[in-house]
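J.: Could you look at this predicted model? Sequence included:
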Amino acid sequence: MKTMIIKNIKGKFSLIVLSTLIGFTSCQDFLEVEPQDKLNENQVYRDVFDADAAIVGLYGKLMGLAEKYVVLNELRADLVSPTENADLTFQELHEHSVSVSNPYANPKDFYELINNCNDILKNFRLMRADFRLDPDEFNERYSDIGTLRSWLYLQLGMHYGNVPYITDPIEDINDIGDPDKFPKIPLDQLIDELVAFTESLPYTDPYSGDSSLVINVDGYNTAKFFINKGCLLGDLQLWKGNYLEAATYYKNVMETGTGSGDIAVLFDTYRVGSRNVSTNDDLCVGYLRFREQDATGLVDSNERGWRSIFAREKDARWNTEWIWSLPFDTNFAPKNPFIDLFSNQGGSYLLKPSQRAIDLWKDQTQRNLIPYDARGERFSYKVINDQEVIMKYLYRYLDFTSQLPIDEFVRDGDWYLYRAAKLHLRYAEAANRDGQHRLANTLLNNGIQTEYGVPGEEDVTDIEQTNLPFPYNFDGRQGDFPYYRGDWHRNDGVRGRAYVEFKEVVGDSLISIEDNLIEESALELAFEGNRWGDLVRVALRRNDPAFLADKIYEKLSKESNPNADDVHSKLMSQENWFLPFNWKEEE
């Protein structure tokens, strides 16, 4: 019997997946395995199954970073505030006054994962050199771990600014805290390094369907566990300012369903699709049929509509939205951190939506003229016992009617990392910067078919499509005389899917559309761990610290925070955006 627990990578989530990967003959076989923290060198990296064990073990360890990822990216930005239950640690992040003793100032957990990546990459190269991995096995696995390492470095860069860039495994992780041994490089140089390395990887697609890493285990299909290389490459190029290259990577991911024989996969996968007015079996903000003007007719369900993006089972429709998501299971480590962070029922209730976020949703108008964005109070957060509660992570934990835990001891959930709406907004950001203003505005607002159609025209042969070269080619044709069903005929735009009135372009198209896109990212993607990076990226691009500082100031001032003015003045200097790089050997 084989036992594959890679050194320094622990957790029951890893064990249960690895047990399937290595093909135990029964559940009893698994139960008889005694976990180990370390194996002798001749017991690891022997074949492709050992390589798979290393990968899945690394992702299991990555899940321990989920809380830090969400806290840093949301609390430091403008959409999340600490509750009265939160301690000084969170208040410091909220007010950008992080002390050296604050655990979030310690980048060690990022570097532990990076060092694991470096060790795995080194051993994969050795395995390939002596034919323990064939070319396809090596290319897929090496590129996955290389891309994940680049993602970790991007997170480090956007939060800490100047950081050491290390690509070889080191024996003593604490040496990274010595600047004489590992000097830091600035964020712009780090982005250059990440673009060059990630572009050089030999494989950019998701794992192939017949890969030994793509399996069903404990009700989960592992295909969406792994980072999407095209999305990360697009993000890196977006940060770098290579907008055509970014749009190209994003478009390739957006076209994932193209060529599929399954109509639903072809027309719906990553397309941000239109609503089903008769059944509401969709991912849209919608109303029961014939009750479109009745606020109580809003579809608010775990199985249908926009809310179901975060609540539904991992079915075929879930698969059309989610690109990268990692599941927490009560039975396996690490535990789901989001219930403690967000829930005031059975949790510690440490973070809540900021008043600025609440007001942004309230300032929208739905297309039936109901005066609020349902993605706000109805779906992204709810008022429970007179407290605003972030709900995106709690739909599997709290009962819809009572708002009490379904079972306080069952704390399943998900870490949301990348989905179709985020992909569309990032693509539109790149396209807009590349001069494709109309297309960017279309994907934000009303969808391809509507924007490029002609009212009353029955023959759609030469309309309802962009007629632009790749990556800006979209075919939204839907006609019967002659018959057309373009790949993008169901696209409805991000705001179209959300059923809110479209954003106008005011003044300079480039800046106006970019402002609209970043605001839409707040409305659509709030609390999912994207906000800080969005603010930093655009502020850097424009060389405009006020783009970031003003939004943080507005959050603080709406809450009557006495330090609002001081924080604004501080954030007008770019060097103050970043956390102190305070290495601590012991937590």
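T.: Nice, thanks for sending it over. Numbers count the residues shown, from 1 in each chain.

J.: which element is the nearest residue to D480 once chain neighbours are set aside on?
T.: With sequence-adjacent residues excluded and distances taken as C-beta to C-beta, 6 or more residues apart in numbering, D480 is closest to E458, at 8.0 Å. For every residue, glycine as well, the C-beta is placed using N, CA and C. Counting by DSSP states H and E, no helix or strand carries E458.

J.: Share the number of residues neighbouring E458, please.
T.: Number of residues near E458 (other C-beta atoms under 10 Å) recorded here: 9.

J.: Same question for K503.
T.: 18.

J.: you'd agree it is up against L444?
T.: Yes - at 6.5 Å, K503 counts as touching L444 under the criterion of C-beta atoms under 8 Å.

J.: can you tell me how far the spatially closest residue to I406 that is not a sequence neighbour sits from E408?
T.: The shortest distance from I406 to any non-neighbouring residue, by C-beta to C-beta, 6+ apart, is to D399 (5.1 Å). Shown here: D399 relative to E408, a distance of 11 Å by C-beta to C-beta, to the nearest Å.

J.: what's the answer for V506, then?
T.: To E408, V506 is 49 Å away according to C-beta to C-beta.

J.: Also K584?
T.: 34 Å.

J.: For the residue located most distally from the centre of the chain, give me its contacts.
T.: Residue farthest from the centre of the chain, counting by C-alpha atoms, centre = their mean, is F481 at 41.2 Å. Applying C-beta atoms under 8 Å, 6 or more residues apart in numbering to F481 gives the contacts E458, D459.

J.: Is the residue nearest the centre of the chain part of a helix or strand, or is it coil?
T.: Central residue of the chain (C-alpha atoms, centre = their mean): L417, 2.4 Å from the mean position. Using DSSP: H, G, I helix; E, B strand; the rest coil, the structure places L417 in strand.

J.: The stretch 401-550 of the chain: helices as residue ranges?
T.: Taking DSSP state H, counting those that start in this stretch as the criterion, the stretch 401-550 of the chain carries its helices at 420-433, 437-444, 448-452, 494-498, 509-525, 531-542, 545-558.

J.: The stretch 251-400 of the chain now?
T.: 263-268, 316-321, 338-342, 355-362.

J.: ranking these by burial, who's on top?
T.: Of all the helices of the stretch 251-400 of the chain, helix 338-342 has the most neighbours on average by mean count of other C-beta atoms under 10 Å, namely a mean of 24.

J.: who's in contact with it?
T.: Applying C-beta under 8 Å, 6+ apart, the set of residues contacting helix 338-342 from outside is 66-67, 70-71, 328, 346-352, 389-391, 393-394, 397, 411, 413, 415.

J.: With only the CA atoms kept, save that helix in CSV.
T.: Written as CSV, here are the backbone C-alpha positions of helix 338-342 (Å, rounded to 0.1, in the frame of the first residue of the first chain):
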residue,chain,number,x,y,z
PHE,A,338,-15.7,32.6,6.3
ILE,A,339,-18.4,31.7,8.8
ASP,A,340,-16.4,33.1,11.7
LEU,A,341,-15.5,36.2,9.6
PHE,A,342,-19.0,37.1,8.4
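
J.: Residue ranges in the stretch 201-350 of the chain under the pLDDT threshold?
T.: Within the stretch 201-350 of the chain, the stretches with pLDDT under 70 are 217-220.

J.: I misspoke; the intended subject was the chain.
T.: Along the chain, the model assigns pLDDT under 70 to residues 1-43, 217-220, 586-587.

J.: at 80 instead, please
T.: Counting by pLDDT under 80, the chain has low-confidence residues at 1-43, 216-221, 585-587.

J.: my guess is V98 meets A105, correct?
T.: Yes - between V98 and A105 there is a contact under C-beta under 8 Å: 5.3 Å.

J.: got any residues that touch both of these two?
T.: Residues touching both V98 and A105 (C-beta under 8 Å, 6+ apart) are L579, P580.

J.: can you give me the end-to-end distance of stretch 330-346?
T.: 14 Å (C-alpha to C-alpha, to the nearest Å).

J.: on that earlier part again, and the residue nearest to I406, how far from Y416?
T.: Separation of D399 from Y416 (C-beta to C-beta) stands at 21 Å.

J.: Okay, and D50 sits in which element?
T.: helix 48-62.

J.: Run the chain-centre distance for whichever helix or strand comes after that helix.
T.: Per DSSP H and E, the first helix or strand lying C-terminal to helix 48-62 is helix 66-70. Relative to its chain's centre, helix 66-70 lies at 11 Å (C-alpha atoms, centre = their mean, to the nearest Å).

J.: Which elements pack onto the next helix or strand after helix 66-70?
T.: For helix 66-70, the following helix or strand on the C-terminal side (DSSP H and E) is strand 80-82. Where contact means 3 or more C-beta pairs under 8 Å, 6 or more residues apart in numbering; DSSP states H and E, strand 80-82 is packed against helix 88-94, strand 351-353.

J.: Would you mind listing the outside residues contacting the longest one?
T.: By C-beta under 8 Å, 6+ apart, the residues outside helix 88-94 that reach it are 71-72, 75-76, 81-82, 98-99, 102-104, 350-351, 556.
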